[in-house]
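*Asks:* Here is my input, please return the structure:
(one chain, ligands or ions: 1)
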Amino acid sequence: MDFKYVEVNKEEEIAVVKLNRPEKLNTLNLEGLRELLEVFTVLERDDTVKTVVLTGAGEKAFSAGADIKKMEKMSFQEARVFSILGHEVTKKIENLNKPVIAAINGYALGGGCELALACDLRVASENVRIGQPEINLGIIPGWGGTQRLSRLVGLSKAKMLIYTGKVLNAEEALEIGLVDLVVKKEELMSKVMELAKEITNKSSLILSFVKKALNEGFNMDLNRGCELETELFSLCFSTEDHKEGMEAFLEKRKPEFKGK
Ligand code: DAK
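*Replies:* As a prediction, the model looks like this:
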């Protein structure tokens, strides 16, 4: 895949998607968003990819968000298109049929924070600066920040962050659960790849079931969520991987899952 603003590399069964506009702190314009959408659409269909890592090129940023230069002169209609496309990208990541880990290497602001929020897990380097500073630009978050941030850290903390535009450091982000893990800057990619490999060793099919149960169930009431879990739990018993997992346990060996 050859793109202007995004780079994709495969390491065995892990795809590393890199936002690639480091001189502008990996800010996103319409073209960058379109490329991201295409990349994730292709990765969704690629059975050789089991886990995806999303990160930013360069030393300073995961992404400093939407391109303010491009947004400055946007009309109402253009802003709508920009927001809709951003939502398509974040939904594609959130609902991807495989786990997506954000490796947050520095600034993750505005749209950058929203991309990270759409991922399944967030691992940050100790120099992370993360938040939703849109209020300082006279706008509100437009790619899911008002919805996903509150679901992740709670309504009140999300309001505190979005109303003030405060940018958090690693310790603060970890404390409120905005990131899951903080690691040394130079160890970020090795730790993330370690985590990705650990997940990749599980059954990709069963992971897709459990991601669905967690994500869809989170937006349902408890009873419906439990019903969904029952359906997906039962479905596990029609797979080869559940047989392999249980046989391997009983034979005291490591399972070899095939994603079937
Ligand atoms: N947009 C455009 N350019 C940006 C940028 C941004 N968000 N962030 C950085 N840059 C550019 C800088 O202008 C600079 O370019 P040159 O001057 O070299 O040409 C280059 O990247 C390097 O940045 P700095 O020189 O500023 O680097 P520093 O280390 O001094 O500062 C910083 C880093 C991250 C603290 C600073 O750049 C900064 O404050 N950047 C803005 C961060 C920010 O406010 N991000 C949120 C963007 S708003 C919606 C759709 C989408 C969204 C909302 C609504 N609808 C349609 C409803 C999303 C909004 C956002 O993401």
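*Asks:* Show me which residues of stretch 45-52 are buried.
*Replies:* Under the neighbour-count criterion of 16 or more other C-beta atoms under 10 Å, stretch 45-52 has 49-52 buried. Placement of C-beta: from N, CA and C, glycine included.
*Asks:* Now do the same for the residue nearest to Leu37 when sequence neighbours are not counted: its pLDDT.
*Replies:* If the residues on either side of it in the chain are set aside, Leu37 comes closest to Val89, at 5.1 Å by C-beta to C-beta, 6 or more residues apart in numbering. Listed pLDDT for Val89 reads 98.
*Asks:* Val89: neighbour count?
*Replies:* Here the number of neighbours of Val89 (other C-beta atoms under 10 Å) works out to 26.
*Asks:* Same check on Lys60?
*Replies:* Neighbourhood size, Lys60 [other C-beta under 10 Å]: 15.
*Asks:* Likewise for Thr146?
*Replies:* Neighbour tally, Thr146, other C-beta under 10 Å: 16.
*Asks:* can the host helix or strand of Ser83 be found next to the ligand?
*Replies:* In the assignment (DSSP states H and E), Ser83 maps to helix 76-94. Yes. For a cut-off given as C-beta under 6 Å from any ligand atom, helix 76-94 has contacts with the ligand, namely 79, 82-83, 86.
*Asks:* Now restrict the residues you listed to buried residues only.
*Replies:* Buried among the residues of helix 76-94 next to the ligand by 16+ other C-beta under 10 Å: 82-83, 86.
*Asks:* CSV for these, including pLDDT and distance to Val192?
*Replies:* Output for these, formatted as CSV (pLDDT from 0 to 100; distance: C-beta to C-beta, whole Å):
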residue, pLDDT, distance to Val192
Phe82, 95, 29
Ser83, 95, 29
Gly86, 98, 24
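*Asks:* now for the helix holding Ser83, which elements pack on it?
*Replies:* helix 30-45, helix 111-118 (3 or more C-beta pairs under 8 Å, 6 or more residues apart in numbering; DSSP states H and E).
*Asks:* now Asn215, what's its secondary structure?
*Replies:* Secondary structure, DSSP: H, G, I helix; E, B strand; the rest coil: Asn215 is helix.
*Asks:* do Leu152 as well
*Replies:* Leu152 - assigned by three-state DSSP - is helix.
*Asks:* Dump the C-alpha coordinates for stretch 126-136 into PDB.
*Replies:* Taking Å, rounded to 0.1, in the frame of the first residue of the first chain, the C-alpha atoms of stretch 126-136 are listed here in PDB:
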ATOM      1  CA  GLU A 126       6.300   8.700  29.200                       C
ATOM      2  CA  ASN A 127       6.400  12.000  27.200                       C
ATOM      3  CA  VAL A 128       2.700  11.700  26.100                       C
ATOM      4  CA  ARG A 129       0.600  14.900  26.100                       C
ATOM      5  CA  ILE A 130      -3.000  13.900  25.500                       C
ATOM      6  CA  GLY A 131      -6.300  15.800  25.600                       C
ATOM      7  CA  GLN A 132      -9.100  17.500  23.700                       C
ATOM      8  CA  PRO A 133      -8.100  21.200  23.400                       C
ATOM      9  CA  GLU A 134     -10.700  22.100  20.800                       C
ATOM     10  CA  ILE A 135     -12.500  24.500  23.100                       C
ATOM     11  CA  ASN A 136      -9.500  26.800  22.800                       C
END
